[in-house]
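Peer 1: My questions are about this predicted structure, shown below with the sequence.
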Amino acid sequence: MKTQRPTIIVHGGAGEWPPERQKPGITGVKKAAKSGFNILKHKGNALDAVETAVMSMEDDENFNAGIGSSLSLNKHVEMEASIMDGKTLSAGATGLINNIKHPIHLARIIMENTDHIFIVGQSAEKLAKTFNLERRNPNTKLREKQWHELKNKIDQDKLNYLPKLSKLLKSHPNLFHLDTVGAVAVDRDGNVAAATSTGGITLKIPGRIGDSPLIGCGNYADNEAGACSATGIGEIAIKLVLAKNTCDLIRTGKTPQKATENSIKEVNRRIQNTTNQMGLIAIDSKGRIGATHNSYHMCWAYMAPQMHDPKAFLKAKAMKKKL
């Protein structure tokens, strides 16, 4: 494939996208891809592009990030995000934050202004205050409704706490929203970057941290390999260090598409007889892209040179598990 730089690809999440959310989802990922590509086409860098794209989705309540974040078991929001620069391997991540308008921007502040990579909770909130980050209440009527629907389902079925969530997810997928948002991009100079943000799984135990802020699991970028952002059930991405392993496949010579396919095949092989919904987007320094999932839907979009508008989809290469 001919080099296509600059290029950006974004996802709005893998999982079940009910009919009423499909059009807003497609509109949202298109808007995010275009906002990121506008940075790139004006000779901006990949890091700025992925941050801008993710911030766009954090401002859209149709996605499980920022204003649309899911509610934990205690009915509070705990957001998390990470960003990584493939040129320098610099990274920043945050988690357990509840009212920062753009968690992805806080992750970048951590990357550029501290000696650390991952800062969570009260210390992250204090850092946000130091840098005068905007705040807002991320609770929405949509997420409140989803929380009550799921809680009532648990109560009616007299199920025991969270070990039964896997069974519920199979029976009532619309009640769970795993739609983490993410973006990967390559700029004119061949530098790649990745950014991922989420509100986590509905009814998660307070204090739970998923893959999105864990470098190598839900997010990774390296100019010598590529960039990848994961979406789905975070515990699976953590067990398989999914984003890093996908980039390593690109490093060995596979295209981003083949790399994402192989990674999802590995999910299906290693995580069997359980709910294992995952999706991946990836890019390399040539601007080649990849998108694969084993969930019913994955809302995603991309934009490359010579395109007037982004192309968006509810499905990519689907790699269903065989049980």
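Peer 2: Thanks, I have it. Since the model is a prediction, treat every value here as computed from it, not as a measurement.
Peer 1: going forward, measure contacts and count neighbours with C-alpha atoms only.
Peer 2: Will do.
Peer 1: Could you verify my assumption that residue 128 touches residue 105?
Peer 2: No. Proximity of residue 128 to residue 105 does not meet the contact threshold set by Cα atoms under 8 Å, at 9.3 Å.
Peer 1: Same drill for those two, tell me which one is more crowded.
Peer 2: Neighbours were counted for residue 128 and for residue 105 using other Cα atoms under 10 Å; residue 105 has more, 24 against 21.
Peer 1: what about that one, distance to residue 80?
Peer 2: Per Cα to Cα, to the nearest Å, residue 105 is found 11 Å from residue 80.
Peer 1: what's the weakest-modelled helix or strand in the chain?
Peer 2: helix 165-171 (a mean of 54; mean pLDDT, DSSP states H and E).
Peer 1: which element follows that one toward the C-terminus?
Peer 2: strand 181-186 (DSSP states H and E).
Peer 1: That following strand: partners in the sheet, and parallel or antiparallel?
Peer 2: strand 7-15 (antiparallel), strand 192-198 (antiparallel) (DSSP bridges).
Peer 1: Would you confirm that residue 312 contacts residue 299?
Peer 2: Yes. Using Cα under 8 Å, residue 312 is in contact with residue 299, at 7.5 Å.
Peer 1: before we move on, the earlier item: and residue 290, which of the strands paired with strand 181-186 is closest to it?
Peer 2: strand 7-15 (8.7 Å; Cα to Cα).
Peer 1: Can you name every helix or strand that the helix or strand just after that closest one contacts?
Peer 2: Next helix or strand after strand 7-15 toward the C-terminus (DSSP H and E): helix 19-41. Applying 3 or more Cα pairs under 8 Å, 6 or more residues apart in numbering; DSSP states H and E, we find helix 19-41 packed against strand 7-15, helix 46-58, strand 297-303, strand 311-313.
Peer 1: List the buried residues for helix 19-41?
Peer 2: Within helix 19-41, the residues scored as buried using 16 or more other Cα atoms under 10 Å are 22, 25-26, 28-41.
Peer 1: Just want the angle from it to strand 297-303.
Peer 2: 30 degrees (axes from the mean of the first three to the mean of the last three Cα atoms, to 10 degrees).
Peer 1: Which parts of stretch 234-254 count as buried, going by neighbours?
Peer 2: 234, 236-238, 240-251, 254.
Peer 1: Convert that stretch to CSV, retaining C-alpha atoms only.
Peer 2: The C-alpha trace of stretch 234-254 is given here as CSV (Å, rounded to 0.1, in the frame of the first residue of the first chain):
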residue,chain,number,x,y,z
GLY,A,234,-10.5,-3.9,29.9
GLU,A,235,-9.5,-7.0,31.9
ILE,A,236,-9.0,-8.9,28.6
ALA,A,237,-6.7,-6.2,27.2
ILE,A,238,-4.7,-6.2,30.4
LYS,A,239,-4.2,-10.0,30.5
LEU,A,240,-2.9,-10.0,26.9
VAL,A,241,-1.2,-6.6,26.9
LEU,A,242,-3.2,-6.2,23.8
ALA,A,243,-2.1,-2.8,22.4
LYS,A,244,1.6,-3.4,22.8
ASN,A,245,1.3,-6.9,21.3
THR,A,246,-0.6,-5.5,18.3
CYS,A,247,2.1,-2.9,17.7
ASP,A,248,4.8,-5.6,18.0
LEU,A,249,3.1,-7.6,15.2
ILE,A,250,3.4,-4.5,13.1
ARG,A,251,7.0,-4.3,14.1
THR,A,252,7.6,-7.8,12.6
GLY,A,253,6.2,-6.7,9.3
LYS,A,254,2.5,-7.3,9.5
